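**Q** Below is the sequence, then the predicted model.
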Amino acid sequence: MENPTIHSCSVPRVLKKIGYGVGLFIVVLLAALASHYLFGLATGTRFNETQWAAAGAWFGGVMTFGAVAVALYQSNQAKERAERESRDSNQRNLNERLLHQEALARAEDRLATELDSGRRSEQTQTIAAVVAAIAEQPAVVRGLTTAVHLARRTPSEENYASRTAKYDIWQNSSGRLVAALQTALMVVDEPHVYEQVRRAGADCERLRRSMTDLYSLPFDEQIPRRQIHVNLNATLAHQGELIQVVRDYLRDSPKDSSIDPDQLMLW
């Protein structure tokens, strides 16, 4: 492998030394020729044609060597500048790529945060719908239970119509609760939240079956008030548990979430 230190530093230094040596040699040669010429003038001695030809050959050879050395030095300098510019260009390109990668990483982080915020908000809204539907159950359950009791104690068209109307009201409320639970089970992906919603769904289903059986209960059987009361309390217990789940779930979410857990208490 080529050593960049030798290539970029030692070669120019050697060429400089060669150039200095050639220059010194030329100076010495010119001084020697001048001295010999002056000596010839002083003593009456003259160069013959052979001596002048030899001197010219030596001088031409030295100048040619110097020209070649200068050309090699300039070529090496140009190559060094080109390599330096190439290194600078590569470094700039590398810096630009790094800046681009950092910008992409920041954009991906922002996108991931926004997606996570949207996902949390969607799941929280589904849980809020479940809590709101559970909050409706005490009134509609009491209304249907009372209407069934009055229709059994005092049979009349009016009481029968009231029982049917209360049953329709309860059925609509129960349908909203079932729909909210099913939506939550499809949207929620946090394991502990999903398990809490699933447990709430199981208790809500037991309450729904109790109320359906109540509406079709024969007149010679007693109203299972205790069982209805137990199932209703079990369902209502999940309201507070789900509110706490929402609080825990929002604790790690961005501050600008669209759902305030304290608002769930109003439902």
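**A** Received, thanks.
**Q** Give the burial count for residue 142, as a bare number.
**A** Residues lying near residue 142 (other CB atoms under 10 Å) number 14. (Each C-beta comes from the backbone N, C-alpha and C, glycine too.)
**Q** Contacts for stretch 174-193 next, please.
**A** The contact list for stretch 174-193 (CB atoms under 8 Å, 6 or more residues apart in numbering) reads 119, 122-123, 126-127, 129-130, 132-134, 136-137, 140, 194, 197-198, 200-201, 204, 208, 211, 245, 249.
**Q** In helices only, show me those.
**A** Among the contacts of stretch 174-193, the ones falling in helices (DSSP state H) are 119, 122-123, 126-127, 129-130, 132-134, 136-137, 140, 194, 197-198, 200-201, 204, 208, 211, 245, 249.
**Q** Filter those down to the buried ones.
**A** If you count burial by 16 or more other CB atoms under 10 Å, the buried members of the ones in helices among the contacts of stretch 174-193 come out as 123, 126-127, 129-130, 132-134, 136-137, 140, 197, 200-201, 204, 208, 211, 245, 249.
**Q** Show me the shaky parts of the stretch 151-267 of the chain.
**A** 249-267 (pLDDT under 70).
**Q** again, 90 this time
**A** 152-154, 185, 187-196, 215-224, 239-267 (pLDDT under 90).
**Q** For it, just list every one of the helices.
**A** Listed in chain order, the helices of the stretch 151-267 of the chain (DSSP state H, counting those that start in this stretch) span 157-187, 191-215, 225-251.
**Q** Please identify the buried residues of the longest one?
**A** For helix 157-187, the neighbour count (16+ other CB under 10 Å) marks 159, 162-163, 166-167, 169-171, 173-174, 177, 180-181, 183-184, 187 as buried.
**Q** Which pLDDT does the model give residue 139?
**A** pLDDT for residue 139: 94.
**Q** distance of it from residue 146?
**A** 11 Å (CB to CB, to the nearest Å).
**Q** next one: residue 131
**A** With CB to CB as the criterion, residue 131 and residue 146 are 25 Å apart.
**Q** okay, these two: which has more neighbours?
**A** residue 131 (21 against 13).
**Q** May I ask you to confirm that the more buried one is in contact with residue 244?
**A** No - in this structure, residue 131 is not within contact of residue 244 by CB atoms under 8 Å, at 10.7 Å.
**Q** List the contacts of stretch 135-155.
**A** Contacts for stretch 135-155 (CB under 8 Å, 6+ apart): 159-160, 162-163, 165-167, 169-170, 173-174, 176-177, 207, 211, 214-215, 217, 219, 223, 225, 228, 232, 235-236, 239, 267.
**Q** Tell me which residues of that stretch come out buried.
**A** For stretch 135-155, burial by neighbour count (16+ other CB under 10 Å) applies to 135-137, 140-141, 143-145, 147-148, 150-152.
**Q** Make TSV out of those and add distance to residue 81.
**A** As requested, the buried residues of stretch 135-155 are arranged in TSV below (distance: CB to CB, whole Å):
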residue	distance to residue 81
135	80
136	83
137	85
140	88
141	90
143	93
144	94
145	96
147	98
148	99
150	104
151	104
152	106
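**Q** tell me the contacts of residue 194?
**A** Going by CB under 8 Å, 6+ apart, residue 194 touches 185, 188.
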